[in-house]
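Visitor: Have a look at this prediction, sequence included:
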Amino acid sequence: MNKIYLDNAATTPLSEEVIDAMVETMKINFGNPSSTHSFGQDAKILIENVRRQVADYLHVTPAEIIFTSCGTESNNMIIKSSVEHLGIERIISSPMEHKCVSESILDMKNRKGVEVAYIRPNEKGDIDLVKLEELLKGSDKKTLVSLMHANNEIGNIVDIKKIAQLCKENNALFHSDTVQTMAHMNLDLSDIPVDFASCSAHKFHGPKGIGFAFIRKASGLKGIITGGPQERSLRAGTENVAGIAGLGKALELSLNNMEAYTQHMQDIKKYTIDRVSAEIPGIKFNGRSSEADNSLYTVVSLLLPYKNPLIGLQLDMKGVAVSQGSACSSGASKPSMVMMMVLSEDEMDNCTPLRVSFSHMTTKEDIDVFVNALKEISKDFVIENTNVEHR
């Protein structure tokens with residue numbers, strides 16, 4: 001069976017050039033970067049070159065880039081250390097955040113007594129910036145705002161620059177989970193006054209187990225993994241040299257080909273929307289995922305007009321890999337918090353969400369296979385609820 005992969009928001013296949021770079025590094029740069037001999041220093045030079053490469057992309061200084069194992073670790077470090085070491089007493093966030101953010105916030109609420117305020121999104125999944133400003137002005141407590149740049153399930157993009165400016169005007173710190181947009185969009189953090197951001201290499205054809213945190217200089221943030229001076233003493237432990245090499249090569253490929261990759265995925269997304277709209281009567285789209293603006297070009301979130309919790313398994317049996325939500329929520333017995341925010345009760349009871357996500361490797365032929373498989377499965381359901389209210 002020729003398998004089709006359409007779950008790139010969960011992870012992307014490694015580029016061959018990335019694999020080659022990592023293998024070469026494992027053969028040559030096996031020294032411990034903390035060692036003072038030439039083997040260690042060669043590995044250290046490789047790390048610092050990639051750090052500089054990342055910093056150049058974001059228009060920040062190399063000292064503001066801290067390598068971690070993934071976006072989850074970066075988000076945990078930023079949120080928890082902000083409370084532990086920066087005196088944060090209040091966090092403003094949204095129910096739409098990734099679990100690594102929402103659960104870190106809840107941990108700080110439960111263990112440290114941090115006050116938490118949530119901005120409930122509208123039916124399209126948009127964050128009300130007027131409400132954010134009201135919350136910022138409504139308390140003198142030292143505040144951290146944590147809002148993701150783009151949602152990993154419905155693809156909505158927030159105005160990260162406007163949010164950062166609002167936070168700066170109101171003396172709040174701003175953290176953004178940028179895992180879904182890093183290396184997919186141009187991010188100039190010299191112009192966007194965000195204080196903290198996060199990245200995972202496996203979202204742009206790099207390896208798993210490596211990412212980084214952007215930590216604005218002079219923020220005072222400290223590490224939560226201790227035991228060594230690595231990564232400016234913010235993240236103890238011997239660095240993942242091969243992983244960092246892979247991240248660097250994946251970033252290089254993404255930046256060098258960003259215009260072509262973006263155009264290709266925009267075309268694939270539009271083709272997907274057109275095909276499913278034509279072939280599946282009553283299908284709808286969640287959030288702003290069907291829109292050209294304010295939406296990630298890598299993601300489209302479908303709402304099938306029938307209830308079928310086994311749709312992901314059935315598609316997989318036909319050789320098509322998709323997701324019914326965030327990979328971190330796979331197998332959950334209830335819909336994700338994101339879906340609970342954007343779907344009406346009728347839709348929750350009678351419809352099925354499905355996330356399709358693309359890469360530059362996705363082809364129109366892949367989409368044809370997916371749509372034909374989905375159409376075949378849909379024939380088994382009597383579609384009577386095409387007029388279900390969409391909040």
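Guide: Done, it's in.

Visitor: before we move on, what SS does the closest residue in space to residue 67 that isn't next to it in sequence have?
Guide: Spatial nearest neighbour of residue 67, excluding adjacent residues (CB to CB, 6 or more residues apart in numbering): residue 212 at 5.1 Å. To be clear about C-beta, it is placed using only N, CA and C from the backbone, and glycine gets the same treatment. Assigned with DSSP: H, G, I helix; E, B strand; the rest coil, residue 212 falls in the strand class.

Visitor: My guess is residue 212 contacts residue 243. True?
Guide: No: using CB atoms under 8 Å, residue 212 is not in contact with residue 243, being 10.6 Å away.

Visitor: Tell me where the stretch 101-250 of the chain has strands.
Guide: 115-118, 143-146, 173-177, 196-200, 211-215 (DSSP state E, counting those that start in this stretch).

Visitor: I'd like those written out as CSV, with mean pLDDT added.
Guide: Formatted as CSV, the strands of the stretch 101-250 of the chain follow (pLDDT from 0 to 100):
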stretch, mean pLDDT
strand 115-118, 98
strand 143-146, 98
strand 173-177, 98
strand 196-200, 98
strand 211-215, 98
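
Visitor: Let me have these in JSON lines, extended by distance to residue 273.
Guide: Shown next, in JSON lines, are those (distance: least, CB to CB, whole Å):
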{"stretch": "strand 115-118", "distance to residue 273": "31"}
{"stretch": "strand 143-146", "distance to residue 273": "31"}
{"stretch": "strand 173-177", "distance to residue 273": "26"}
{"stretch": "strand 196-200", "distance to residue 273": "27"}
{"stretch": "strand 211-215", "distance to residue 273": "31"}
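
Visitor: what about the helices in the stretch 251-391 of the chain?
Guide: Applying DSSP state H, counting those that start in this stretch to the stretch 251-391 of the chain gives helices spanning 258-279, 311-317, 337-342, 345-350, 364-378.

Visitor: so which of those is the most packed in?
Guide: helix 337-342 (a mean of 22; mean count of other CB atoms under 10 Å).

Visitor: Tell me which other helices or strands that one touches.
Guide: With contacts defined as 3 or more CB pairs under 8 Å, 6 or more residues apart in numbering; DSSP states H and E, helix 337-342 has no helix or strand neighbours.

Visitor: Average pLDDT for it, rounded please.
Guide: Helix 337-342 carries an average pLDDT of 92.

Visitor: Contacts for that helix, please.
Guide: 95-96, 102, 120-121, 123-125, 151, 153-154, 286-287, 325-326, 348, 353, 391 (CB atoms under 8 Å, 6 or more residues apart in numbering).

Visitor: how about the residue nearest to residue 342 when sequence neighbours are not counted, what does it touch?
Guide: Nearest non-adjacent residue to residue 342, counting by CB to CB, 6+ apart: residue 125, 5.0 Å away. Residue 125 sits next to 96, 151, 154, 156, 286-288, 338, 341-342 when contact means CB under 8 Å, 6+ apart.

Visitor: who wins for most neighbours among the residues you listed?
Guide: Highest neighbour count within these, by other CB atoms under 10 Å: residue 151, with 32 neighbours.

Visitor: Who are the contact partners of it?
Guide: Counted by CB under 8 Å, 6+ apart, residue 151 has contacts 96, 125, 180, 287, 296, 338.

Visitor: nearest to residue 7, of the helices of the stretch 251-391 of the chain?
Guide: With CB to CB as the criterion, residue 7 lies closest to helix 311-317 of these, at 9.4 Å.

Visitor: Need the residues that contact that closest one.
Guide: 304, 308, 321-324, 352, 354, 370, 373-374, 377.

Visitor: From those, which shows the smallest pLDDT?
Guide: Comparing the contacts of helix 311-317 by pLDDT, residue 324 comes last, at 84.

Visitor: what's the neighbour count on that residue?
Guide: 24.

Visitor: From residue 182, how far off is the residue nearest to residue 67?
Guide: Computed as CB to CB, to the nearest Å, the residue 212 to residue 182 distance reads 9 Å.

Visitor: Common neighbours of the two, please.
Guide: Each of residue 199 lies in contact with both residue 212 and residue 182 under the rule CB under 8 Å, 6+ apart.

Visitor: ok, back up a step: the residue nearest to residue 67 bridge partners, please.
Guide: Beta-bridge pairing of residue 212 under DSSP bridges involves residue 67, residue 199.

Visitor: now, among the contacts of helix 311-317, which is nearest to residue 67?
Guide: residue 323 (27.6 Å).

Visitor: who does the closest one bridge with?
Guide: Under the criterion DSSP bridges, residue 323 forms beta bridges with residue 355.

Visitor: how many neighbours does it have?
Guide: Per other CB under 10 Å, the neighbour tally for residue 323 reads 24.

Visitor: pretty sure residue 39 is touching residue 45, no?
Guide: No: between residue 39 and residue 45 there is no contact, the gap being 11.2 Å when judged by CB under 8 Å.

Visitor: Looking at those two, which has the bigger crowd around it?
Guide: Using other CB under 10 Å as the criterion, residue 39 and residue 45 rank with residue 39 on top: 15 against 12.

Visitor: in a strand, that's where the more buried one is, yeah?
Guide: No: counting by three-state DSSP, residue 39 is not found in a strand; it is helix.

Visitor: Apart from its neighbours in sequence, what residue is nearest it?
Guide: In space, residue 39 is closest to residue 31, 3.0 Å off (CB to CB, 6+ apart).

Visitor: wait, isn't the one you found in contact with residue 47?
Guide: No: applying CB under 8 Å as the test, residue 31 and residue 47 come out as separate, 11.1 Å apart.
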